[in-house]
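**Q** A predicted structure for the sequence below; I have some questions about it.
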Amino acid sequence: MSFSSLLGSSSFSSHPLAPYGWDADWEAEFTPHAAQGLLPGRVVRVDRGQCDVVTADGVIRADTEFVVPRDPMKVVCTGDWVAVDPEGRDPRYVRTLLPRRTAFVRSTSSKRSEGQVLATNIDYVVICVSLAAELDLARIERFLALAMSTPSGEALLHESALSWEPGAQPVVVLTKADLVPDAATLGHLVQDVETTAPGVPVLAVSSNAGDGLDVLEAVLSGGTAVLLGQSGAGKSTLANALLGEDVMEVQAARDVDGKGRHTTTTRNLLALPGGGVLIDTPGLRGVGLWDAESGVGQVFSEIEEFATECRFQDCAHVAEPGCAVLAAVEAGELPERRLDSYRKLLRENQRIVAKTDARVRAEIRRDWKRKGAEGKAAMEAKRGRWHLA
């Protein structure tokens, strides 16, 4: 049963937490905690050691002392459903987290092997891209690879190779569309992004003029959406437009380079007036991949399709004979930029996975040795031809 159909049923549409995504499955999951006298709630904001939780009685302040795991992937995050102490306790504590349905995770740093959970229990990943600056298609591909690899909570707890179907639905929103001088140019920009994001909805939106907001509101009304993008991408302005009021602070982007300031400093969960839930996030300077091989494969599905025709099953699409991917580039069927981006993201993802997976590290070492031996053999064969000549 879909989220929207649940809200339409008499048993949950009147529940105080229904606007925040409460449904029959969450209620069933919470049953043993209800028996202990605890209350359900959803985390709307996290501070150091404490969080704001929306409950049937309103938003309360709760301490997270009892849910501080060593694993950074399991810390309390905006979007989590939790069990909290009933009214009358002072202070009130978060006693446990309910299993996550999905989680958006990025690598904290290229030098560390930790993931950072940005938002949980999300249905839509809204990638905001400003049209006030030149489109960075490679960055859009990076965001999409992460979005399409959004794992389920169960996978986070029990698997090293994360995957989940259907996962969170990515949506690319081209903000500040009113800055594009004409409709034809705007259409070309949308088309460029659609080519970069096959099968992903791409919407051009102007928060100031209101263009495209009705379509986006309809898309997001059926679940929880997280807004992602660089500083200056217009996330907070878009959030205010969707909310119908100035809830999020907004600052203008710099005129010099179009870059924004970190106006939003925390992740905030807000119920939309037309239905659905929105999580606004601070601007992301770095977007490190986190076990995103499946997402990379989906973003570059045409390359994976060409690869099925390669002569060798382990073709690296670099210089191998009979490589269908390279043939597609030469024939103009595949932009070389796409192939370069595909290779870069796969290499980066492999390095991240190798930090925590000894098997992958061993495979990388074997691959290096094999390529080194092949290069040495090719050089010796070449020298042999010189001597014969």
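**A** Arrived safely, thanks for sending.
**Q** the chain: helices as residue ranges?
**A** Secondary structure of the chain (DSSP state H): helices at 3-8, 10-13, 24-34, 137-147, 153-158, 183-196, 213-220, 235-243, 293-299, 301-307, 324-330, 336-354, 358-388.
**Q** against residue 319, how distant is residue 272?
**A** According to C-beta to C-beta, to the nearest Å, residue 272 and residue 319 sit 51 Å apart. All C-beta atoms are positioned from the backbone trio N, CA, C, and that covers glycine.
**Q** these two: which is more packed in?
**A** Set side by side, residue 272 and residue 319 show more neighbours around residue 272, with 18 against 7, by other C-beta atoms under 10 Å.
**Q** who are the contact partners of the more buried one?
**A** 217, 220, 221, 242, 243, 278 (C-beta atoms under 8 Å, 6 or more residues apart in numbering).
**Q** ok, the third one - contacts?
**A** The one in question is residue 221. Applying C-beta under 8 Å, 6+ apart, we find residue 221 in contact with 4, 272, 274, 275, 276.
**Q** got those residues as a markdown table, with distance to residue 235 columns?
**A** A markdown table is the format used below for the contacts of residue 221 (distance: C-beta to C-beta, whole Å):
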| residue | distance to residue 235 |
| --- | --- |
| 4 | 25 |
| 272 | 14 |
| 274 | 18 |
| 275 | 20 |
| 276 | 16 |
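**Q** need the max-distance pair from those.
**A** Taking C-beta to C-beta, the two most distant members of the contacts of residue 221 are 4 and 272; they sit 13.0 Å apart.
**Q** now residue 201. Nearest residue, chain neighbours left out?
**A** residue 171 (5.0 Å; C-beta to C-beta, 6 or more residues apart in numbering).
**Q** so that neighbour sits against residue 128, correct?
**A** No - the pair residue 171 / residue 128 is not scored as a contact, 9.7 Å apart, by C-beta atoms under 8 Å.
**Q** who's more crowded, these two?
**A** Between residue 171 and residue 128, counted using other C-beta under 10 Å, residue 128 has the larger neighbour count: 26 against 20.
**Q** contacts only, for residue 334.
**A** 302, 303, 306, 325, 328.
**Q** hmm, 10 Å instead?
**A** Neighbouring residues of residue 334 by C-beta atoms under 10 Å, 6 or more residues apart in numbering: 300, 302, 303, 306, 317, 324, 325, 326, 327, 328, 342.
**Q** how about a markdown table for those residues, with distance to residue 349, pLDDT and neighbour count added?
**A** Formatted as a markdown table, those follow (distance: C-beta to C-beta, whole Å; pLDDT from 0 to 100; neighbours: other C-beta atoms under 10 Å):
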| residue | distance to residue 349 | pLDDT | neighbour count |
| --- | --- | --- | --- |
| 300 | 12 | 88 | 25 |
| 302 | 19 | 91 | 17 |
| 303 | 15 | 91 | 22 |
| 306 | 20 | 93 | 21 |
| 317 | 16 | 89 | 20 |
| 324 | 22 | 94 | 18 |
| 325 | 18 | 93 | 24 |
| 326 | 21 | 94 | 20 |
| 327 | 25 | 94 | 14 |
| 328 | 22 | 94 | 21 |
| 342 | 11 | 90 | 23 |
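**Q** would you agree residue 147 is in contact with residue 201?
**A** No - using C-beta atoms under 10 Å, residue 147 is not in contact with residue 201; the gap is 12.0 Å.
**Q** alright, I will stop here.
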